[in-house]
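In: got a predicted model here, sequence first, then my questions.
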Amino acid sequence: MIRLDGVSKSYRTENGYRVILDDVSAVLPTDRNIGVLGRNGAGKSTLLRMIARAEAPDAGAIDMDVRVSWPLGFTGGFHGALTGRENLRFVCRIYDADIDNVTAFVDDFAELGEYFDMPIQTLSSGMRGRLAFGLSLAMHFDFYLVDELVSVGDHWFRAKAQREFERIREESGLLLVSHNPSTIRRFCDTGLVLRNGALTMFDELDDAIDFYLDDD
Amino acid sequence: MRPAEAVGAPNGIAHGSQPPRMLDFAIRGFEVQARVIHAVILREVRTRFGAYHLGYLWAVIVPLLFISVLTFVHTALGRGRAYGVPIEVLLLSGMMTWRTFSDTNGQIASAYRSNRALLVYPMVTVIDIVIARGMLEFATKAVATFIIMILFIAAGVPAQIDDPLGVILGVATVTYFAMAYGHASGCIIVAIPSMSFLINSMRRILFFTSGALFLLSDIPAEWREYILLNPIAHIIDMVRGAWIASYSAPYYDINYILATGAALTVAAAVGEMTTRSKRMGARQ
C-alpha cells in the first residue's frame, strides 16, 4: 500500500500560492486499479510525481511497501545523446535488473529495429513512448503510475500494448490520472478525486465520478 | 519472452511485513547508492567523452597549453628554475591541482541541470551525481597528470613525481573540496539565483590566489597571509612539496585544510537539506 501522511504541497504562482494538497492523509491500495479524477491544474500530475518520488512534498511523508513505476509514458528519464540500448542498460543498472533479459524483451516489444541503437534524440516521440513503456513492463513493477493514457500515443491501441496493459491491470496495481471520466471508467475499479487541496477516496468508482462531475 | 524476476527493491524499501532493522536498511541503502553511482559514472563516460573517447585528449592538451604559456612568461621574466627544478615542473604541479579543483567544481555546478532527468528514478539523488562526477573527474585528472608527466620526461624535463602517494592524496583532497564547494554553491544558487555572479567572481579570486600561477615564496610575507586564507593555496603547496622532493612546502597547514574541508562539508550538507524540495519541485 501507499500511505500519505499529512502531505502538503503547493506552488508559488504570480497570484500567490496554489495549494495542491493540504495536509492530506490517505492509504492507497496497491492491488486495485485506481483512477484519479480532477480538473486541469488541480495537481493530479504533481500527486503522481510525488508518489513516484520524483518530487518531494513540502510537508508530510509518502511511504510505500511496493515497487512503484516511474510515470508511464514518461520519456524524460532518457538521455538524448545515448541510444535506446544504452539508456536501457542504465535503467537496468540502477534497478538491479538483468540487462540481457530486459534488452531481449524490450527489443521484441518496442519494435524499434535499428533505431534501438540510435541516439534517443533521433527517435520520434512514438518510438520513445514504446521504448519507455516496454522498459517499464520489463521492470515488473508492483504498481504502475499512468499519466493521461492519450499522451503515450497511438501504440496504446495496438493489440500487443493493449494486452500488456491488461496484464498490468490483472497482475499489478494501477494509478491512472485523467481528466476524462470515460477513460477512468474503462480501466479502473476504484476512484480518487483531487479537489481544492483535498483527496477524497471512493470504494465505488461510480461514486467518485458522480462526486467529480458534481463540482460547481 | 518475459524478463526474469531479477529486479531488486528500490531505494532500500523492504518487501514483506517484517520491519527491517536499521542496519539492514543502511546496508541496503549503501548497496543501492553504490549501484547508482556506478551506473551514473558509466553513463557520464559515454556522454562526456563520446563514443571514441576523444574528450580525454582535451584533458591532456588544455593543461599543456596553459603550462607552455606560463613557462614562456616566467622564462621571459628571467626565471627558468626554482628550488632546483625547472619552473615548468612547479607550474605543472600547481596547474594540475588547480584544474582538478576548477573542472570538478564546474562539473558539480552543472550536475543538477544536466542530469535533472535522472531524478525521475527514485533511487537517484543529486548526491549520487555529485559523487559520480567527482570520482570520474579525479580519475580523468589522475590519468591526464600521469600522461603529461611522461610527456615532460620524454621531452627531457625532470618532472617525475617524487612522492606519488602524497600527490594522489593532495589531488583527492582538492577533488573533495571541489565537490563540497560545488554542491554548496549550487544549493546557494538554487535558493538565491542572483548569487551566481558572486560565486563566479569567487572562483576567479580563488584561482588568482591559489598559487597555480606563481610561487608562494614570491609573495611578500605580509600579503602571503591573505593568500593563505585560500585553502586551495594550501593544497597546491602540499602537492608541490610531494611532487618535488627539493621543495620543502613550508606554507601549507594541514589543520587549516582539514578545518576548511569540514566547514565546506557542513555547508554542503546544510544546503542539501534546505534546498532539497526546492530543487526537486523546480521540475515541471
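Out: Thanks, I have it.

In: near residue A:25, how many other residues are there?
Out: Residue A:25 has 11 neighbours, counted by other C-beta atoms under 10 Å in any protein chain shown. Backbone N, C-alpha and C define where each C-beta goes, glycine included.

In: look up how far residue A:62 lies from it.
Out: Per C-beta to C-beta, to the nearest Å, residue A:25 is found 11 Å from residue A:62.

In: what residues do the two have in common as contacts?
Out: Both residue A:25 and residue A:62 are in contact with A:4, A:5, A:7, where contact means C-beta atoms under 8 Å, 6 or more residues apart in numbering or on different chains.

In: would you list those residues in JSON lines and tack on pLDDT and distance to chain B?
Out: Compiled in JSON lines, the shared contacts of residue A:25 and residue A:62 are given as follows (pLDDT from 0 to 100; distance: C-beta to the nearest C-beta, whole Å):
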{"residue": "A:4", "pLDDT": "92", "distance to chain B": "16"}
{"residue": "A:5", "pLDDT": "92", "distance to chain B": "16"}
{"residue": "A:7", "pLDDT": "91", "distance to chain B": "12"}
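
In: excluding its backbone neighbours, what's nearest the residue in the stretch 51-200 of chain B positioned nearest to chain A?
Out: Residue of the stretch 51-200 of chain B nearest chain A, by C-beta to the nearest C-beta: residue B:122 (3.6 Å). Nearest residue to residue B:122 in three dimensions, chain neighbours excluded: residue A:53, at 3.6 Å (C-beta to C-beta, 6 or more residues apart in numbering or on different chains).

In: confirm the one you found sits in a helix?
Out: No: Residue A:53 sits outside any helix when classified using DSSP: H, G, I helix; E, B strand; the rest coil, being coil.

In: so it touches residue A:63, yeah?
Out: No: counting by C-beta atoms under 8 Å, residue A:63 is not a contact partner of residue A:53; they are 10.4 Å apart.

In: more crowded one of the two?
Out: residue A:53 (20 against 11).

In: show me which residues of chain A sit near chain B.
Out: Applying C-beta under 8 Å from any C-beta of the partner chain, we find that chain A lies next to chain B at A:11, A:52-58, A:64-68, A:70-71, A:74, A:76-79, A:81-82, A:86, A:89-91, A:93-98, A:101-102, A:104-105, A:108, A:138-140.

In: please enumerate the strands of chain A.
Out: A:2-13, A:16-28, A:33-37, A:59-64, A:68-72, A:143-147, A:173-178, A:190-195, A:198-202 (DSSP state E).

In: so the residue of the stretch 51-200 of chain B closest to chain A, which of the three states?
Out: coil.

In: over to residue B:162?
Out: Three-state call for residue B:162 (three-state DSSP): coil.

In: can you give me the distance of the nearest residue to it once chain neighbours are set aside to chain A?
Out: Spatial nearest neighbour of residue B:162, chain neighbours left out: residue B:245 (3.9 Å); criterion: C-beta to C-beta, 6+ apart. Residue B:245 sits 44 Å away from chain A, going by C-beta to the nearest C-beta, to the nearest Å.

In: residue B:232: which of the strands of chain A is closest?
Out: strand A:2-13 (37.6 Å; C-beta to C-beta).

In: partners of that closest one in the sheet?
Out: strand A:16-28 (antiparallel), strand A:59-64 (antiparallel) (DSSP bridges).

In: residues in contact with that strand?
Out: A:17-28, A:30, A:43, A:46-47, A:50-51, A:57-64, A:66, A:68, A:143, A:199, B:281.

In: got the contact list for residue A:111?
Out: residue A:130.

In: so which strand or helix has residue B:91?
Out: helix B:87-109 (DSSP states H and E).

In: and the helix or strand that that helix is followed by, what does it pack against?
Out: Using DSSP H and E, the helix or strand that follows helix B:87-109 towards the C-terminus is helix B:111-114. On a contact count with 3 or more C-beta pairs under 8 Å, 6 or more residues apart in numbering or on different chains; DSSP states H and E, helix B:111-114 meets helix B:126-154, helix B:164-191.
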